[in-house]
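>>> Only the shape, not the letters, is given here:
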């Protein structure tokens, strides 16, 4: 199990902020925070936009006498979510200095509950794959990548600059950066958090999620970002009765076709965890999940075809977009309408198969990634992250593994079926407490 880097603990910040009785004291409290943030950002380059005058304005507007959920807590926001007073560039030179004129819905909720929108975090171009070399730095080793598109949010938490950051995932953009940077990355159920005002890349896959250094904040923030009204009829599904029987767990390893390509240290440490830490659970080491191996091709069809549609206006501006983005758009244009619809149907059918299978399991576990963070320029190994996104499932990466030779972390991924997010968070909280006791 790895030790967290020096993080700004949400619990600590929460306690300190609750003691503050005046704006003057609040400003004084934040001066040291500002200095640390600036220093860390200079070193790790995780902020896409930050305006200290805007932060100060938000601090002035905080009502210290009013009890609120996120009183003065600073949030990082991935640069694909609209922010009215901070530029939103989507990781692209095509939107340099763009101000959308509104906030994403989740941003408004944070502000309403007196949270501070502290900065926009760096993202891959249009939240896809392309990250310029060393645009954002891995806190463990600057010669290794930070992961895919939500990497800025992961690094902001990993280096201790912020206690919580928003990200998004369409394939593995929360789970992979969390694994490579040694933080908790939580991809909620599809549709759990409102996507209004968030860059759209793929209708059936885009999901808003969170990074943090502890489960406590995830549970609190997630519970208070879910919409509760007649306009969101599915929100009630997140509140279900607790499991009173022995928890059932399925292990995903060799039943995933690409698992044999995983690094030996990943397989070794994962096997050790399964043998020594899952004794008190009802475990099946070989669940019948061969159908998951049909996902990658169908995910690629849906993703690329959607990119070709939503970004059709930029395809002629090849000098302004990356080769990766250009090739994915071209690939999408070559996918026939018939193949696209077949893949959407496959998504529906395979998701039903997954949900049916999950009647026999409470959770699935698997390594978050097939390796530690690859060196800059090297390819990532195929993993299962996009499979759970494809199913709309809830998944989380826990920073519990560490390659001592390479001095890099990698995560344990825990998955459950849609709407069981609070079960997942509570279960993972118990895992982390159990590991802390044994270490």
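Done, it's in. In this text, all values refer to a predicted model and were calculated from it rather than measured experimentally. Residues are numbered from 1 along each chain as shown.
>>> next one: phi and psi at the closest residue to residue 153 other than its chain neighbours?
Spatial nearest neighbour of residue 153, chain neighbours left out: residue 165 (3.5 Å); criterion: Cβ to Cβ, 6 or more residues apart in numbering. From N, CA and C alone the C-beta is placed, and that goes for glycine too. For residue 165, the backbone dihedrals (degrees, to the nearest 10) come out as phi -140, psi 150.
>>> Now do the contacts for residue 165.
75-78, 121, 152-154, 156-157, 210-212 (Cβ atoms under 8 Å, 6 or more residues apart in numbering).
>>> hey, what's it bridged with?
Residues in a beta bridge with residue 165, per DSSP bridges, are residue 76, residue 211.
>>> what's the spatially most central residue of the chain sitting at in phi/psi?
Residue closest to the mean C-alpha point of the chain, counted by Cα atoms, centre = their mean, is residue 174 at 2.7 Å. Per-residue torsions, residue 174: phi -110, psi -50 (degrees, to the nearest 10).
>>> Run through the residues that contact it.
With Cβ under 8 Å, 6+ apart, residue 174 has these contacts: 150, 154, 167, 168, 185, 186, 187, 207, 209, 210, 211, 397.
>>> Which ones among those residues map onto helices?
residue 154 (DSSP state H).
>>> Would you reformat the contacts of residue 174 as CSV and include pLDDT and distance to residue 426?
Converted to CSV, these look like this (pLDDT from 0 to 100; distance: Cβ to Cβ, whole Å):
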residue, pLDDT, distance to residue 426
150, 97, 24
154, 97, 23
167, 98, 22
168, 98, 24
185, 98, 17
186, 98, 13
187, 98, 17
207, 97, 20
209, 98, 17
210, 98, 16
211, 97, 19
397, 98, 17
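>>> In a markdown table: the contacts of residue 174, plus neighbour count.
Formatted as a markdown table, these follow (neighbours: other Cβ atoms under 10 Å):
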| residue | neighbour count |
| --- | --- |
| 150 | 34 |
| 154 | 36 |
| 167 | 33 |
| 168 | 25 |
| 185 | 36 |
| 186 | 27 |
| 187 | 30 |
| 207 | 26 |
| 209 | 27 |
| 210 | 27 |
| 211 | 33 |
| 397 | 32 |
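>>> ok, of the contacts of residue 174, which one's closest to residue 242?
The shortest approach to residue 242 among these belongs to residue 186, at 19.7 Å (Cβ to Cβ).
>>> Dihedrals phi and psi, the closest residue in space to residue 220 that isn't next to it in sequence?
In space, and not counting its chain neighbours, residue 220 is closest to residue 69: 7.2 Å by Cβ to Cβ, 6+ apart. Main-chain dihedrals, residue 69, degrees, to the nearest 10: phi -70, psi -50.
>>> who's in contact with residue 69?
113, 114, 115, 220, 224.
>>> same question, residue 88
Contacts of residue 88 (Cβ under 8 Å, 6+ apart): 49, 79, 80, 81, 82, 95, 98, 99, 100, 120.
>>> Got a quick ChimeraX command for the buried subset of the residues you listed?
In ChimeraX syntax, the buried subset of the contacts of residue 88 is picked out as below (16 or more other Cβ atoms under 10 Å):
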select :49,79,80,81,82,95,100,120
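>>> Quick check: the farthest pair among the contacts of residue 88?
Counting by Cβ to Cβ, the most remote pair of the contacts of residue 88 is 80 and 99, 14.6 Å apart.
>>> Buried ones in stretch 410-427, by neighbour count?
410-425, 427.
>>> That should have said stretch 430-439, apologies.
Buried-residue list, stretch 430-439, by 16+ other Cβ under 10 Å: 431, 432.
>>> Take the buried residues of stretch 410-427 and keep only those in helices.
421, 422, 423, 424, 425, 427.
>>> Residue 251: which of the residues you listed is nearest?
residue 427 (14.9 Å).
>>> ok, the closest one - contacts?
Neighbouring residues of residue 427 by Cβ under 8 Å, 6+ apart: 247, 362, 363, 414, 416.
>>> Would you mind giving these as TSV with pLDDT and distance to residue 273 added?
Shown next, in TSV, are the contacts of residue 427 (pLDDT from 0 to 100; distance: Cβ to Cβ, whole Å):
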residue	pLDDT	distance to residue 273
247	94	15
362	96	17
363	97	13
414	98	11
416	97	18
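>>> and of the residues you listed, the nearest to residue 181?
Distance to residue 181, by Cβ to Cβ, is smallest for residue 414 among these, at 17.8 Å.
>>> Is it correct that that closest one is in contact with residue 424?
Yes - counting by Cβ atoms under 8 Å, residue 424 is a contact partner of residue 414 at 6.3 Å.
>>> who wins for neighbours among the contacts of residue 165?
Neighbour tally across the contacts of residue 165 (other Cβ atoms under 10 Å): the maximum, 38 neighbours, falls on residue 153.
>>> and stretch 286-298, what's its mean pLDDT?
Computed over stretch 286-298, the mean pLDDT rounds to 96.
>>> what about it, start to end distance?
24 Å (Cα to Cα, to the nearest Å).
>>> for stretch 47-57, same thing?
19 Å.
>>> so where's the stretch 101-250 of the chain uncertain?
Counting by pLDDT under 70, the stretch 101-250 of the chain contains low-confidence ranges at 241.
>>> ranges for the strands of it?
Taking DSSP state E, counting those that start in this stretch as the test, the strands found in the stretch 101-250 of the chain are 116-121, 164-169, 184-187, 207-212, 248-251.
>>> Run the chain-centre distance for the fourth one.
Shown here is strand 207-212, whose average C-alpha point lies 4 Å from the average C-alpha point of the whole chain (Cα atoms, centre = their mean, to the nearest Å).
>>> and the contacts of residue 427 as TSV, adding distance to residue 353?
TSV is the format used below for these (distance: Cβ to Cβ, whole Å):
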residue	distance to residue 353
247	22
362	18
363	18
414	20
416	16
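>>> can you tell me which of the residues you listed lies nearest to residue 377?
residue 414 (30.7 Å).
>>> Which parts of the stretch 251-400 of the chain are helices?
Secondary structure of the stretch 251-400 of the chain (DSSP state H, counting those that start in this stretch): helices at 264-277, 295-310, 323-334, 337-357, 385-390.
>>> Residue 371 is nearest to which of the ones you listed?
Across the helices of the stretch 251-400 of the chain, the minimum distance to residue 371, taken as Cβ to Cβ, is reached by helix 264-277, at 6.1 Å.
>>> What segments of the stretch 51-200 of the chain are helices?
Counting by DSSP H, counting those that start in this stretch, the helices of the stretch 51-200 of the chain are 52-61, 105-112, 151-158, 175-181.
>>> Please tabulate those in TSV, including the columns distance to residue 136.
Shown next, in TSV, are the helices of the stretch 51-200 of the chain (distance: least, Cβ to Cβ, whole Å):
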stretch	distance to residue 136
helix 52-61	20
helix 105-112	21
helix 151-158	5
helix 175-181	9
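>>> Of the ones you listed, which is nearest residue 236?
Residue 236 lies closest to helix 105-112 among these, at 17.9 Å (Cβ to Cβ).
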